[in-house]
Every structure is written in C-alpha cells, then in structure tokens.
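> from the sequence below, what's the structure:
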Amino acid sequence: MTTSSIVSKVWSFCNPLRDVGVGYGDYLEQLTYLLFLKMADEYSKPPYNRKLNIPAAYNWESLTAKKGTELELHYVTLLRELSTAKGILGQIFTKSQNKIQDPAMLAKIIDMINSEQWLVMGADIKGDIYEKLLEQNAQDVKSGAGQYFTPRPLIRAMVECVRPQPMKTIADPACGTGGFFLAAYDYLVANNKLDKDQNKFIKLETFYGNEIVAGTRRLALMNMFLHNIGDIDSDNFISPADALIAASPVTYDYVLANPPFGKKSSQTFTNDEGEQEKDDLTYNRQDFWATTSNKQLNFVQHIRSMLKTTGVAAVVVPDNVLFEGGAGETVRKKLLETTDLHTILRLPTGIFYAQGVKANVIFFDNKPASKDPWTKEIWVYDYRTNIHHTLKKNPLNIEVLKDFIACYHPTNRHQRKELFNAETNPEGRWRKFTYEEIIARDKTSLDISWLKDKSLADLDNLPDPDILAADIIENLEAGLASFREIMIKLESKE
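Take a look at the predicted model:
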C-alpha cells in the first residue's frame, strides 16, 4: 500500500471515534501505544529475534487474542503495567489511559494495525505516515495540538540554512513532536555518505530534547522511533524536565527550536484559603543576563547557554523578543555582544496553527569571550510585508522560502549580496544593517521593516476577502492575548 492509502486507512477510524467522544489527539495516542507494541512484536520474531523487556502477559499477542469486555479490561491493565517500565518503553506509556471505551472499535483498530508489517516498511514511509497523522491532528482546532507543531517547510528551510554535519550534537529544549530532529536527520542522511560509526551516532547520540507535556513527549518519541532515531530498548533522549529550571549539564553543536508561544511562564499554587492561583514564574539563574517572567526571553538566554563556543542556533521567536524593553533590551544587547547574531527572517502571519502569531527566526553563532561585540552586521529578510498565507488556501511551502535560503548563502554566508537599494530596488527584501545602526535604535530594537504595505497605499490591490478576514482574526486574537495577560496581572495584584 502507498503512504497516502495507509494514512487514509488509519485515519478512517477518526470520524466514528469522534461520534463516541474520542478526539483526534486521543486516537493518535492510542495508535502510538498499539503501533509500538506491534513493532516490538515484530522485533521479537525472525529475522530480528530480539529479547525485549515487555512481559509476555502484556505483549501484542496478548491483545490480539482477546475480544469484547475481556479485551477492554486487559488493555487498561496493560497500559497501567507498561507505564512503570524503564527506558523508552516506560516513556511511551507514561500516564497512559484507554480512551476507546467501545471494545468492538478497539478490536477493529488492533486488527488494522495487525494487518501491516511495519518493520519491512522503510523508515521514510513509516515516518511519513506518522508525520501526516500529526499534521492532521495539528489542524484540529479543538485538540490544541497546533501549538506543538511548527510548519514543516519552515523547519526544513532553517535546517538547510544551518546545514548540520555528521558526528555533531543537535538539541531542542522544547521539542514538541520532534519536527526539527526529523528534518535534521533527513538532511544528514540525504547530504552525506555515512559510514557505520556515523550512522550509529545519528541513531543514538545526535539528538537531545526536552518536552514537559507527557502526551506530546510520547508522540515525539514515537515519531523519532518510526524514523529510525533511537531504538526500542535504548535510553530516553527526550527529557520530561523543564529545560529552563537549570543550565544544561551538556553543551551542543546545534540548537534548532521553536519555543512555545505565549510570553509568560506561570506556576500554580494554593493560597491561604485553599484556592488555586497562578503566579508569574521567574527563573533565578546565575547564567542568565536578565531575570524575567517572559518565557520567550528566558528560552533565548537558555539556548545561548546550551551552545558550545562554536555552536550554532536557529530559533523561532515572537516579535516581542525583538522590541520589548527592560529585560528584552538587556538580552538583545548581550546577544549581540556574545554571539554573532547575523540573520533575521521576518515571518508572515497565517502559517502557524496557533492563531495571532507574529514571529521571526533568529540565527546566531556562539563565540568565546571577547571585549568587543561579536555581531558586526545583521542581515534581515522581510518575508512578511505584502505576503499573505492561510493554512488551507495558501499554505507555506518550501518553494517560497528558497529565495531566502539563496540569500542566506549557506555554503558561505560571508559572500552575501544585498537586494535592497534605496534608489534602484526599494522593494528588495534582503537588507544589511551594521552593529552601529542597530545599537543606535531605540531599545536596540531588532524589529526592522522598510517595505511599504501596499494594501495601505493602493485600495485597488487589496488581498482577497478571505485573506483579509484571516489577517483581522490574527490581529484580534493577538490583541486578546495581550489583554488576557494584563487581566491576569491585575487580578494577581488584588
């Protein structure tokens, strides 16, 4: 069967499950448990004959041998027992629960998975199937999974600019479903003739991440496993710990990340009256330049601290990181001084599943201590002004980002050529700014634009109504998010 036909087959159970209250995300979780057990079963048989730490009472065959209420009761027990296992097995089944209460439907899904031989499929096919399922889940507004799903064309463009090399480590402190790891893996495999040691290193020692949401971490582990990263009985390489709590004990060659949207970190506590309240969470770390409850600024500081002195980072950040005063200005100045922050990609709205997001990608190279600032010039590519994307009618694709990749000049970024010229090409989207020009800006703002918004100047060239409506929704939701933060702040002071 083709990838698309298997995806269609697997996804065909969604609608009847939704009718009985099982959402996309819950279905995907159940698929993860069952797929893992089925593949473990295949590993235990010829030609692999591997001994795995899955008790016979709770293996795949224990599920296929039961029907009806007996199956449902056994499945509940199986999930509970395997959640206590060590290694990746226990991580896959952490906090697992049966969300499919209809034994007949559960049996059909088990039969569907049992009908395929998953190990004989190439890693690209298995992985592509799972990635498509994750994307389908991200598109479901009710699931809320969109916040963990970065558009794959954007990830691919970032990886093609950074160009990771074999035998180097790659980290993501908020890895979601593992999109950056998979794109980096694909790039490494496609662009290098890897020997045995390099293949082993990629499989077991290249990727390291954090994901605090148990369900999302489960999807990431399974996603990587299906792409041939990690092993069924290897150690867990995605930590459930909050990456911001403490400095990373290890530094890495590359950090590729899209930290979670939303400016504030918060913690829940019980007040004197026994009521649950939320309070802004600040991280008092000696290695941070500024103490702030702004989660995005904390991630930028943390990512810089995770890099080796020769390390390279590409990070998606919201606009506030580029212009906010106070801690924001401190972080930007320190970043310019201690790293070579050489590139900013301004992203359009309408490309993320989380609404109301205005974001950018910042690229910087870490450097050793120096008395002079390492950043000499910043190149900005404005792919926002007069650009209109929507998730359904005009989604982001890799083709529209190829011009940025060419301007970035990944083979030697010191040979870049400016597109913008005030007289001959004022519409040029690729422009260079010196360190002196940046540091002279109010609050050292990196929120830089120079192109004219044509929709404001020419009413005859307005975008289509659906694009205009999407832009209005984006702006309204961004405004509402800001108002919510103000309300929470005011309520906490009462």
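
> secondary structure class of the most far-flung residue of the chain relative to its centre, three-state.
Here the centre of the chain is the reference, and by CA atoms, centre = their mean the most remote residue is residue 423, at 40.3 Å. Recorded secondary structure, residue 423: coil (DSSP: H, G, I helix; E, B strand; the rest coil).

> likewise for residue 208?
Following three-state DSSP, the label given to residue 208 is strand.

> that one reaches residue 237, doesn't it?
Yes: assessed by CB atoms under 8 Å, residue 208 is found in contact with residue 237 at 5.6 Å. Where you see a C-beta, it was placed from the backbone N, CA and C, and this is true even at glycine.

> hmm, residue 217 is touching residue 92, no?
No: judged on CB under 8 Å, residue 217 makes no contact with residue 92 at a distance of 9.3 Å.

> tell me where the longest strand sits in the protein.
Criterion DSSP state E: the longest strand present in the chain is strand 307-318.

> now stretch 204-221: buried residues?
For stretch 204-221, the neighbour count (16 or more other CB atoms under 10 Å) marks 206-211, 215-221 as buried.

> what of stretch 92-108?
Across stretch 92-108, burial judged by 16+ other CB under 10 Å covers 92, 93, 94, 96, 98, 100, 103, 106, 107.

> can you put those in TSV and add secondary structure and pLDDT?
Formatted as TSV, the buried residues of stretch 92-108 follow (DSSP: H, G, I helix; E, B strand; the rest coil; pLDDT from 0 to 100):
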residue	secondary structure	pLDDT
92	helix	88
93	coil	91
94	coil	88
96	coil	91
98	coil	93
100	coil	90
103	helix	92
106	helix	92
107	helix	93
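
> and of these, the nearest to residue 137?
Nearest to residue 137 among those: residue 100, at 15.9 Å, using CB to CB.

> need the contact list for that closest one.
17, 22, 26, 27, 30, 106, 109 (CB atoms under 8 Å, 6 or more residues apart in numbering).

> go ahead and confirm residue 212 touches residue 241.
Yes: between residue 212 and residue 241 a contact is recorded at 7.3 Å, counting by CB under 8 Å.

> just the helices in the stretch 51-200 of the chain please.
In order along the chain, the stretch 51-200 of the chain carries the following helices (DSSP state H, counting those that start in this stretch): 60-64, 68-82, 87-92, 103-114, 123-139, 152-162, 179-191, 196-204.

> the ones you listed: lowest mean pLDDT?
Sorting those by mean pLDDT places helix 123-139 lowest, at a mean of 77.

> show me what the helix or strand hosting residue 255 is packed up against.
Residue 255 is part of strand 252-257, with elements assigned from DSSP states H and E. Judged by 3 or more CB pairs under 8 Å, 6 or more residues apart in numbering; DSSP states H and E, strand 252-257 is in contact with helix 152-162, strand 170-172, helix 179-191, helix 295-306, strand 307-318.

> can you check which of those gets nearest to residue 233?
helix 179-191 (19.5 Å).

> show me what contacts the nearest residue to residue 346 once chain neighbours are set aside?
Nearest residue to residue 346, sequence neighbours excluded (CB to CB, 6 or more residues apart in numbering): residue 384, at 4.4 Å. Each residue near residue 384 by CB under 8 Å, 6+ apart is listed here: 346, 347, 348, 349, 358, 449.

> likewise residue 403?
Residues in contact with residue 403, defined by CB under 8 Å, 6+ apart, are residue 429.

> hang on, the earlier thing: the strand holding residue 255 pairs with which strands?
Within its sheet, strand 252-257 is paired with strand 170-172 (parallel), strand 307-318 (parallel), according to DSSP bridges.

> what's the angle from that strand to helix 295-306?
For strand 252-257 against helix 295-306, the angle by axes from the mean of the first three to the mean of the last three CA atoms, to 10 degrees is 160 degrees.

> quick one: contacts of strand 252-257?
Strand 252-257 is contacted from outside by 155, 158-159, 162, 164-165, 168-175, 180, 183-184, 208, 299, 303, 306-308, 310-316, using CB under 8 Å, 6+ apart.

> could I get that strand in PDB with only the CA atoms?
The C-alpha trace of strand 252-257 is given here as PDB (Å, rounded to 0.1, in the frame of the first residue of the first chain):
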ATOM      1  CA  TYR A 252      25.700  21.200  22.000                       C
ATOM      2  CA  ASP A 253      26.800  21.900  18.400                       C
ATOM      3  CA  TYR A 254      23.400  23.000  17.200                       C
ATOM      4  CA  VAL A 255      20.200  24.200  18.700                       C
ATOM      5  CA  LEU A 256      17.100  24.200  16.500                       C
ATOM      6  CA  ALA A 257      13.900  25.300  18.200                       C
END
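
> all helices for the stretch 351-494 of the chain, in order.
398-408, 435-439, 454-457, 465-493.

> one more: the stretch 201-350 of the chain?
For the stretch 201-350 of the chain, applying DSSP H, counting those that start in this stretch gives helices covering 214-226, 295-306, 320-323, 327-338.
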